[in-house]
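*Asks:* I need the structure of the sequence given here:
(chains A and B)
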Protein chains: 2
Amino acid sequence: MKIMHDIITKRDLTVPAGFDDFLPGEAIVLQRITDVIRRHYELAGYAPMITPLVERPDVLFAKTQGEVTQQAYGLRLLNPSPEARDDSKDLAIRFDHTVPLTRAVVSNRHALFFPFRRYAIGPVMRGERPKDGRHREFIQADIDVIGDEELSLVHDAEMPAIVTGIFKELAFGDFTIRINNRKVLSGILAAYGFDTPNTSKQALDIVDAMDKVGAQRTISALERISSLSGSAARELIELIRTDGSIDDLLRLLRVKSYGDDVNEGLDELEQVINASCRLGVPSEILKFDPSLARGLAYYTGTIYEARLDAYPDLGSIAGGGRYENLAGSLSDHCFPGVGISIGVTRLVKRLIRREIVQAKVTTVAPVLVTLSEGTSDPTVAAPIAAKLRAAGIATELYLENRPLRRQMQYADKRGFSVVVTTENLARGLLRVRDFTTGEHIEITADKLVETVRAML
Amino acid sequence: MKIMHDIITKRDLTVPAGFDDFLPGEAIVLQRITDVIRRHYELAGYAPMITPLVERPDVLFAKTQGEVTQQAYGLRLLNPSPEARDDSKDLAIRFDHTVPLTRAVVSNRHALFFPFRRYAIGPVMRGERPKDGRHREFIQADIDVIGDEELSLVHDAEMPAIVTGIFKELAFGDFTIRINNRKVLSGILAAYGFDTPNTSKQALDIVDAMDKVGAQRTISALERISSLSGSAARELIELIRTDGSIDDLLRLLRVKSYGDDVNEGLDELEQVINASCRLGVPSEILKFDPSLARGLAYYTGTIYEARLDAYPDLGSIAGGGRYENLAGSLSDHCFPGVGISIGVTRLVKRLIRREIVQAKVTTVAPVLVTLSEGTSDPTVAAPIAAKLRAAGIATELYLENRPLRRQMQYADKRGFSVVVTTENLARGLLRVRDFTTGEHIEITADKLVETVRAML
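*Replies:* Down below sits the predicted model:
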């Protein structure tokens, strides 16, 4: 028996806290999910734009404040050569896809076509304290459509349609897209006295946390930051948590006459929901939720959040909204936009941990071509693999000299669907085994591609 | 006329030197090339493994020295909150995919199956001086197969087969994969007196630069670092630059009897080339070049480099080789491997600059559905787009109220293939225009999908 001496250095070979490896089983799941997301983004006419991980700190902080600023990473040369001019102080790592989008849109305005639709799928970094399994590097899959001074509300309706397409195809079970409009929630909060920018933001954040802390603590928190009585706070929470059909809720809130902002929000919401229907979103998926807040300060209109019905504790699987100006202080030109974002890293890790998806198959190739036991020529099966690959069938070629039994165990453990063995190749025969049914047949080489294809 | 005030702040909105934006036209090209690469990696049975951009500096520098160490970036929090424990000194950015592979293989050895095949497609960073258009962040697309103590030479033959598949499909024109074996070149250099680790490395680097500086300066450089006479140096260079068929060169070098190492290298080379043929690599693509050095110190056997025949100045489009131990000082277990790498960012930027590929189409969706002029309902065409998307046909829905003429100009500039107009939708008719031929036909809505599909 071979004794394996391992790691002879004292080096720590774990991944730093907050960072994640995706070994092949998990990476295949992540790729599949990312591919589906990308396909639906492209189906709706969104094109890729790829910006670097690096932005100037000056740009990164132009619009942001608060926690995310404290989480932003910059670069530094670890061992600069003595003669190097280290300009890495001007290099920071993006913490979302929105700032790079803003910078690219403002600086390439005359080269882009508006409304500008783009997707961005890639990593961003935040220096979170790595408690609660928070990720410091995570893949975000975003789409945004940016108008030049104006942007039709129908764009807002494309977002639920795209989310619906993605999660129908991914088939993790039923899901609901909650939809609201910031003008509605802010307007109702204003009617209850949260009418300054400061108290409005505070109240929004408190309502945003209601999913986590429950109604009672939300009511107490609202009381604490205002002169609101307990019963008024309770009335407010009960109102925004009213359950009902979209039409009933629209009617209820219109009757209450909360003022122009709320009515404008309700009109927008109605238009967006109607347009979503015409884009094929089934009515049972879309739910008007007046309590939906979405934390980010910059949303100004439609907001969305999707969850899996059977796993509400998984949290948001997609979210986004409308903002009245992407550029903020970077331009005095106005770029209204609407977008959604899917946190792929977080989603995939949770789906696997909860066993909603399996990460056991470690091969992307469905077919394994084995090596004949004790053969002197390890290339004997190479043309078999080449033929399958040329037909577009991903195929691994087993090349180590091992008993066939062990090669079969290997095929089973890695999750191959079909195994081609070459014991009788000298007589022009191949054995093709369907690993799903356990059946196998012997064929001549000219039948290879069609036989394998029929098993996949 | 609208006067546009731009950038009201003084912020620098350019991308930092050495970093690159890929606006949609370029990003679509990059995506297409990356998709083809990935498809061929998967066809050969390589699975994804995704590691973070971040590694511990201690791990990053375990095997490396020299220039790349001075180029390594670390992270730092830009504005840490006063109470934050800033542990970012333990976080560095990968400068290649090989170090993360090593760390992941050594630390997950018991969870992986060997030979372990994985691909990694993603960004890496190096703090290069950003002259000569060098990239500081660039996407590398790597495959490696790692054995546990042993690894069949046929794996070396899979690499040229995969490279051939990729560049045949990409169709940038004819290409050549030069192949050599480090034992051959090192053995010949040793026979000419470069036989210490130090002089051998120096001589390899000098030969490696021959493509750029030419034969004469290579000869002078070899003379300078040794006691070699000018005529002996010239003889050496002429020998390794000998042109000829693979068989002729193998015979020539065997006859010269340079010793066991060279003969072992020649035997390996012959096996790898024969196996490549059996895997379908056409003989005109593979060329034995005894002068091929590949800079990296860690190659120990087969080495490859591919170039486009018509654009040799584009440099290497794919390269790689065999290494006798991936793990080095991180484990006393031996992990032999072989791999190739494609520098996607560099390749794409050069292909576009040289106009070998066009980056003019800015839509991934082939179909545009226009909005009827002056319609009061902007959602009228939504079900048309939804129908095409449900059939898997990527479709952009034009939603801004513009004259049809302007919508057509937009379709033309962005590169749509088919435009569906909805002027006569009230009468149940759609007009489908093929933008390639200029022809258009009027159809009923039930013929939409088949009509559009026939034009794509």
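
*Asks:* where does the stretch 101-250 of chain A come near chain B, residue by residue?
*Replies:* A:103-104, A:106-109, A:111-113, A:115, A:117-118, A:123, A:125, A:127, A:129, A:136-137, A:147, A:150, A:152-155, A:157-158, A:161, A:165 (Cβ under 8 Å from any Cβ of the partner chain). (Each C-beta comes from the backbone N, C-alpha and C, glycine too.)

*Asks:* CA atoms only for stretch A:49-56, dumped as PDB, please.
*Replies:* Listed next in PDB are the C-alpha coordinates belonging to stretch A:49-56 (Å, rounded to 0.1, in the frame of the first residue of the first chain):
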ATOM      1  CA  MET A  49     -20.700  44.200 -22.700                       C
ATOM      2  CA  ILE A  50     -17.500  43.200 -20.900                       C
ATOM      3  CA  THR A  51     -15.800  45.800 -18.800                       C
ATOM      4  CA  PRO A  52     -12.700  45.100 -16.700                       C
ATOM      5  CA  LEU A  53     -12.800  44.100 -13.000                       C
ATOM      6  CA  VAL A  54     -10.900  47.300 -12.400                       C
ATOM      7  CA  GLU A  55     -12.300  50.900 -12.200                       C
ATOM      8  CA  ARG A  56     -10.800  54.100 -11.000                       C
END
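
*Asks:* just the mean pLDDT for that stretch, thanks.
*Replies:* For stretch A:49-56, mean pLDDT is 97.

*Asks:* in the stretch 1-150 of chain A, what residue lies closest to chain B?
*Replies:* Residue nearest to chain B within the stretch 1-150 of chain A: residue A:45 (3.0 Å; Cβ to the nearest Cβ).

*Asks:* what does the domain assignment say about chain A?
*Replies:* A:24-353, A:367-455 (automatic domain parsing).

*Asks:* deepest in the core, which of these is it.
*Replies:* domain A:24-353 (a mean of 19; mean count of other Cβ atoms under 10 Å in any protein chain shown).

*Asks:* okay, how far is it across it, tip to tip?
*Replies:* 15 Å (Cα to Cα, to the nearest Å).

*Asks:* which bits of the stretch 351-456 of chain A sit near chain B?
*Replies:* Counting by Cβ under 8 Å from any Cβ, the positions of the stretch 351-456 of chain A adjacent to chain B are A:362-365, A:368, A:378-379, A:382-383, A:385-386, A:389-390, A:392-397, A:399-400, A:410, A:413-414.

*Asks:* make TSV from the domains of chain A and add distance to residue B:456 to it.
*Replies:* Formatted as TSV, the domains of chain A follow (distance: least, Cβ to Cβ, whole Å):
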stretch	distance to residue B:456
domain A:24-353	14
domain A:367-455	20
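
*Asks:* leaving out chain neighbours, which residue sits closest to the residue of the stretch 251-400 of chain A found nearest chain B?
*Replies:* Nearest residue of the stretch 251-400 of chain A to chain B: residue A:396, at 2.9 Å (Cβ to the nearest Cβ). Excluding its sequence neighbours, the residue lying closest to residue A:396 (Cβ to Cβ, 6 or more residues apart in numbering or on different chains) is residue B:45, at 2.9 Å.

*Asks:* one more: residue A:164?
*Replies:* The nearest residue in space to residue A:164 (Cβ to Cβ, 6+ apart) is residue A:281, at 5.1 Å.

*Asks:* repeat for residue A:428
*Replies:* Leaving aside its chain neighbours, residue A:428 sits nearest to residue A:444 (5.7 Å; criterion: Cβ to Cβ, 6+ apart).

*Asks:* wait, residue A:306 sits on residue A:175?
*Replies:* Yes. At 5.6 Å, residue A:306 counts as touching residue A:175 under the criterion of Cβ atoms under 8 Å.

*Asks:* hey, what's in contact with both of these two?
*Replies:* By Cβ atoms under 8 Å, 6 or more residues apart in numbering or on different chains, residue A:306 and residue A:175 have these common neighbours: A:167, A:317.

*Asks:* shaky segments in chain A?
*Replies:* Within chain A, the stretches with pLDDT under 70 are A:1-10, A:64-66, A:132.

*Asks:* follow-up on the earlier one: residues touching the residue nearest to residue A:428, list them.
*Replies:* Going by Cβ under 8 Å, 6+ apart, residue A:444 touches A:428-430.

*Asks:* repeat that for residue A:297.
*Replies:* residue A:201.

*Asks:* just confirm it is within a strand.
*Replies:* No. Membership of residue A:297 in a strand is not supported by DSSP: H, G, I helix; E, B strand; the rest coil, which gives coil.

*Asks:* quick check on it: phi, psi?
*Replies:* The phi and psi values for residue A:297, taken as degrees, to the nearest 10, are phi -70, psi -20.

*Asks:* quick one on the thing from earlier: where's the residue nearest to residue A:396 relative to residue A:367, distance?
*Replies:* In this view, residue B:45 and residue A:367 are 8 Å apart by Cβ to Cβ, to the nearest Å.

*Asks:* surely residue A:356 meets residue A:311?
*Replies:* Yes. Applying Cβ under 8 Å, one finds residue A:356 in contact with residue A:311, separated by 6.7 Å.

*Asks:* intersection of neighbour lists for the two?
*Replies:* A:172-173.

*Asks:* now the residue nearest to residue A:396, what's its secondary structure?
*Replies:* Counting by three-state DSSP, the backbone at residue B:45 sits in coil.

*Asks:* kindly export stretch A:123-140 (C-alpha atoms) in PDB.
*Replies:* Output of stretch A:123-140 as PDB, limited to C-alpha atoms (Å, rounded to 0.1, in the frame of the first residue of the first chain):
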ATOM      1  CA  PRO A 123     -17.500  38.400 -10.700                       C
ATOM      2  CA  VAL A 124     -17.700  41.400  -8.400                       C
ATOM      3  CA  MET A 125     -16.000  41.800  -5.000                       C
ATOM      4  CA  ARG A 126     -17.000  43.200  -1.600                       C
ATOM      5  CA  GLY A 127     -15.000  43.100   1.500                       C
ATOM      6  CA  GLU A 128     -17.800  41.700   3.700                       C
ATOM      7  CA  ARG A 129     -17.100  40.300   7.000                       C
ATOM      8  CA  PRO A 130     -17.200  36.600   6.000                       C
ATOM      9  CA  LYS A 131     -19.700  35.600   8.600                       C
ATOM     10  CA  ASP A 132     -23.000  33.900   7.700                       C
ATOM     11  CA  GLY A 133     -21.500  32.500   4.600                       C
ATOM     12  CA  ARG A 134     -21.400  35.900   2.900                       C
ATOM     13  CA  HIS A 135     -19.400  35.900  -0.300                       C
ATOM     14  CA  ARG A 136     -16.600  38.400  -0.900                       C
ATOM     15  CA  GLU A 137     -16.400  37.500  -4.600                       C
ATOM     16  CA  PHE A 138     -19.500  36.500  -6.300                       C
ATOM     17  CA  ILE A 139     -20.800  36.200  -9.900                       C
ATOM     18  CA  GLN A 140     -23.700  38.600 -10.700                       C
END
